[in-house]
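Student: Using only what follows, build the 3D model:
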Amino acid sequence: MQGSANGKKLESVSDTALVGRQSIYDRKLNVHAYELLYRAEELAEQAPDEFDGNMATSKVMMNTFFNIGLEAIVGNKIAFINLTQDFIHGTLDVPAFSNKVVLEVLEDIEPNQKTIDGMILLKQKGFDIALDDFSFKENMMPLIDYADLIKVDITLLSKQELEKNILIMKRNSKLKLLAEKIETQEEFDHCKSLGFDYFQGYFLEKPNIVKGKHMPANKMAILQLLMKLQDPDVEIDELEKLIVNDASLSFKLMRYINSPAFNIGKNVTSIKQILVILGLNNLKQWMTLIIISDIDDKPSDLIRISLVRAKMCVKLAEITKQENPQEYFLLGLFSILDAMLDEDLKKILAAMPINSELKNALLNYKGIRGSILKCVIAYERGDMKGLRCGNIPKKILRKSYLAALAWADGTVAGLST
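Tutor: Now for the predicted structure:
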């Protein structure tokens, strides 16, 4: 720290810093790593003569990750962390967790000998080095020899420039390439054809709608099941029959309710017991979750994203003392239902017997539900400009997000075993 006065300020910022993650996928769309998103808006509000904002941000970032614990954010995956020039040039020490971290050299760092020497030293300590938002400018090219991975912002290059530069980069067989800011399936397919190794962006959350093509029969059956579950007039006997007649649904529901996640304390052996334990609304919620997770042509990370949103929506509804906060679970779960079913969300919701408040929240971010969903998505993406969460303290937002992450990761693991 830079003295006790500044130390107190940094500690305060660390308490309110927003920490998130964005998935990095391999060519099979499995999660390879997470880039850690870090935001501390209070730093920008400090007077410039109080302390070096660049150094302070870096220190607070590292303190935050230590306080939270890296595994709480990324589990057993690799973490990509942005480094400022102070770390690269050795002004500040990089903590020794090299086996779990890829260090990103930011695009605005001067590509001089001091930078190269810093990269060499970090590699000697066992770190992998990534060049972030690499521009392929002449003065940046010397850094390539000391990097393990190059991140390419595909929005900064034309299609021809992208193809030309990637062809040159692929001559180095040891150099890995990551395409970032991919927004569509077409962009992903193109980057994959160019030989990129890893991919980052919100393309998984977008539906792949093919005009003139009808929804496949298996997804139509899923939609019909979801419609039945959201019917406010559905009877318990009807749900029990639905479960019993679907062997996969019965097995997964039975296995999950007997898992440590529920901690029932006794072995549940019948659907009737499940109905008694969960109650109608909770049963409908868990059946909906299992049905969506059974969509087998989508990456597991898509259901993980929806689960994080679902759990965080519930937590924020509880914090703001909304009525029936568990109803906010569907808000997050359905927020990427269009991507799960590859169909327009408005069309999907029009066919489902859900209330207008939930529909308006999902389609237009209207009402308190819409505000909570918008807050959750903004936090998830590290979008400080779009983060409007009323009077909820930043520390509580962070705590809610990390709790949702842990729950979602555990739930996906439980559903996939």
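Student: how far out from the middle of the chain is stretch 128-138?
Tutor: Chain-centre distance of stretch 128-138: 24 Å, with Cα atoms, centre = their mean, to the nearest Å.
Student: what's in contact with that stretch?
Tutor: With contacts defined as Cβ atoms under 8 Å, 6 or more residues apart in numbering, stretch 128-138 is touched by 80, 82, 101-107, 119, 122-123, 140, 143-144, 146-153, 156-157, 161, 165, 178, 180. C-beta coordinates here come from the backbone N, C-alpha and C atoms, glycine included.
Student: can you rerun that using 7 Å?
Tutor: Contacts with stretch 128-138, where a contact means Cβ atoms under 7 Å, 6 or more residues apart in numbering, come from 80, 82, 102-107, 119, 122-123, 140, 143, 146-153, 156, 165.
Student: Let me know the average pLDDT across stretch 371-380.
Tutor: What stretch 371-380 shows for mean pLDDT is 95.
Student: sorry, back to before: show me the contacts of stretch 128-138 that map onto strands.
Tutor: 80, 82, 102-105, 149-153 (DSSP state E).
Student: I'd like the residues you listed written out as CSV, with pLDDT, neighbour count and distance to residue 389 added.
Tutor: Shown next, in CSV, are the ones in strands among the contacts of stretch 128-138 (pLDDT from 0 to 100; neighbours: other Cβ atoms under 10 Å; distance: Cβ to Cβ, whole Å):
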residue, pLDDT, neighbour count, distance to residue 389
80, 92, 26, 26
82, 85, 18, 24
102, 92, 21, 30
103, 91, 23, 31
104, 91, 19, 28
105, 89, 28, 33
149, 95, 19, 34
150, 94, 25, 36
151, 95, 25, 30
152, 94, 25, 33
153, 93, 16, 28
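Student: out of these, who's nearest residue 234?
Tutor: Lowest distance from residue 234 to the ones in strands among the contacts of stretch 128-138 (Cβ to Cβ) belongs to residue 80, with 45.0 Å.
Student: That closest one - nearest residue in space that isn't next to it in sequence?
Tutor: residue 35 (4.1 Å; Cβ to Cβ, 6 or more residues apart in numbering).
Student: just checking, that neighbour is part of a strand?
Tutor: Yes - according to DSSP: H, G, I helix; E, B strand; the rest coil, residue 35 belongs to a strand.
Student: Who does it form a beta bridge with?
Tutor: Note on residue 35: beta-bridge partners by DSSP bridges are residue 22, residue 80.
Student: gap between it and residue 378?
Tutor: Distance from residue 35 to residue 378, counting by Cβ to Cβ, to the nearest Å: 17 Å.
Student: So between the two, which is more surrounded?
Tutor: residue 35 (25 against 19; other Cβ atoms under 10 Å).
Student: That one reaches residue 78, doesn't it?
Tutor: No - using Cβ atoms under 7 Å as the test, residue 35 is too far from residue 78 to be in contact (9.8 Å).
Student: Pairing partners for residue 176 in the sheet, please.
Tutor: Bridge pairing for residue 176 - DSSP bridges - gives residue 149.
Student: Distance to residue 320 added to the ones in strands among the contacts of stretch 128-138, as CSV?
Tutor: Listed next are the ones in strands among the contacts of stretch 128-138 as CSV, based on distance: Cβ to Cβ, whole Å:
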residue, distance to residue 320
80, 33
82, 32
102, 37
103, 38
104, 36
105, 41
149, 41
150, 43
151, 37
152, 41
153, 37
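Student: For this protein, give me the ranges with low pLDDT.
Tutor: 1-16, 40-64, 91-92, 95-98, 210-217, 261, 263-265, 416-417 (pLDDT under 70).
Student: and residue 326, what does it touch?
Tutor: Residue 326 touches 281, 314, counting by Cβ under 7 Å, 6+ apart.
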